[in-house]
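Peer 1: What follows is a predicted structure for the sequence shown.
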Amino acid sequence: ENSVVGTQYSQEIPVEGRHTPLVERLANGFGAGSGLYTEIKIGDTCDTFSFNLQCGKIGAASNDISLHFNPRLTSNYIVLNSYEATTGVWGFEEKQPLVVMMDQGTAVRAFTPGQTVQLVIKAETSRFEIFVNGVKFAAFKYRVKAENVTHFKLAGDVEIVKMIYSSRSAIIPPSDMFWRTLGGGHLLQVETCPLGVVW
């Protein structure tokens, strides 16, 4: 289901009956202004899970990872990192404690087994911003360009309740576009839908 609010376009990603690992293509990539709202229920025996914003072809043997978000519940910290597939090397791990600072100055554990959590990842001009239950949790400076992100992968002992992908441009999978060609297979014009976007 697609919708428009102000200048943001959003698409609810169907998750009912789907299990981890969940891999989903992001039709417009993940450039500045994009966001992912994820509501997950952490499994009662979960000790870790990961959310990766990945680049390249889904199903490839290895992909660049622009953002690796990895709560390690038994270790009481979260790892933020990136991965370059061409060299096969992970970047420097940035670790954050498992707590969120609230407005009143109190600290609350961000991830607990059995808990339902809202996780929001936004792409800004130079970094990802990560929010947990509506509170800013962390920022991660780009090492692999966010514009190169093509899909995400959510893995671990979590149940996905809801996901919403937002972008500054209309979210239309190529399969839903109307393609017109000029003889010989050359592309003449691509039209989308009632939004009237034309290339």
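Peer 2: Nice, I can see it.

Peer 1: distance of the closest residue to Phe30 other than its chain neighbours from Val100?
Peer 2: Nearest non-adjacent residue to Phe30, counting by Cβ to Cβ, 6 or more residues apart in numbering: Val149, 3.7 Å away. Using the backbone N, CA and C atoms, a C-beta is placed for each residue, glycine as well. From Val149 across to Val100, the span is 25 Å (Cβ to Cβ, to the nearest Å).

Peer 1: Am I right that Ala139 is in contact with Glu129?
Peer 2: Yes: checked against Cβ atoms under 8 Å, the pair Ala139 and Glu129 is within contact range at 5.3 Å.

Peer 1: Given the helix or strand Thr38 falls within, what are its sheet partners and their directions?
Peer 2: According to DSSP states H and E, Thr38 maps onto strand 35-42. With DSSP bridges as the criterion, the sheet partners recorded for strand 35-42 are strand 116-123 (antiparallel), strand 158-167 (antiparallel).

Peer 1: What is the subsequent helix or strand relative to it?
Peer 2: Scanning forward in sequence from strand 35-42 by DSSP H and E, the next helix or strand is strand 49-55.

Peer 1: mind listing what that following strand pairs with, with the direction of each?
Peer 2: strand 65-72 (antiparallel), strand 149-156 (antiparallel).

Peer 1: okay if I get the ones you listed as JSON lines plus distance to Arg18, mean neighbour count and mean pLDDT?
Peer 2: JSON lines is the format used below for the strands paired with strand 49-55 (distance: least, Cβ to Cβ, whole Å; neighbours: other Cβ atoms under 10 Å; pLDDT from 0 to 100):
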{"stretch": "strand 65-72", "distance to Arg18": "19", "mean neighbour count": "22", "mean pLDDT": "95"}
{"stretch": "strand 149-156", "distance to Arg18": "10", "mean neighbour count": "20", "mean pLDDT": "92"}
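
Peer 1: Pipe those strands into TSV and attach distance to Val23 per row.
Peer 2: As requested, these are exported to TSV (distance: least, Cβ to Cβ, whole Å):
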stretch	distance to Val23
strand 65-72	13
strand 149-156	5
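
Peer 1: And these: which comes nearest Phe111?
Peer 2: For Phe111, the closest of the strands paired with strand 49-55 is strand 65-72, at 4.7 Å, according to Cβ to Cβ.

Peer 1: Now do that closest one: distance to the chain's middle.
Peer 2: From the chain centre to the centre of strand 65-72 is a distance of 10 Å (Cα atoms, centre = their mean, to the nearest Å).

Peer 1: Just the CA atoms of it, as PDB, please.
Peer 2: The C-alpha coordinates for strand 65-72 follow below in PDB (Å, rounded to 0.1, in the frame of the first residue of the first chain):
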ATOM      1  CA  ILE A  65      26.700  -3.300   3.700                       C
ATOM      2  CA  SER A  66      26.200   0.400   4.200                       C
ATOM      3  CA  LEU A  67      24.800  -0.100   7.700                       C
ATOM      4  CA  HIS A  68      25.100  -3.100  10.000                       C
ATOM      5  CA  PHE A  69      22.900  -2.600  13.100                       C
ATOM      6  CA  ASN A  70      23.500  -5.500  15.500                       C
ATOM      7  CA  PRO A  71      22.100  -5.500  19.000                       C
ATOM      8  CA  ARG A  72      23.900  -8.000  21.200                       C
END
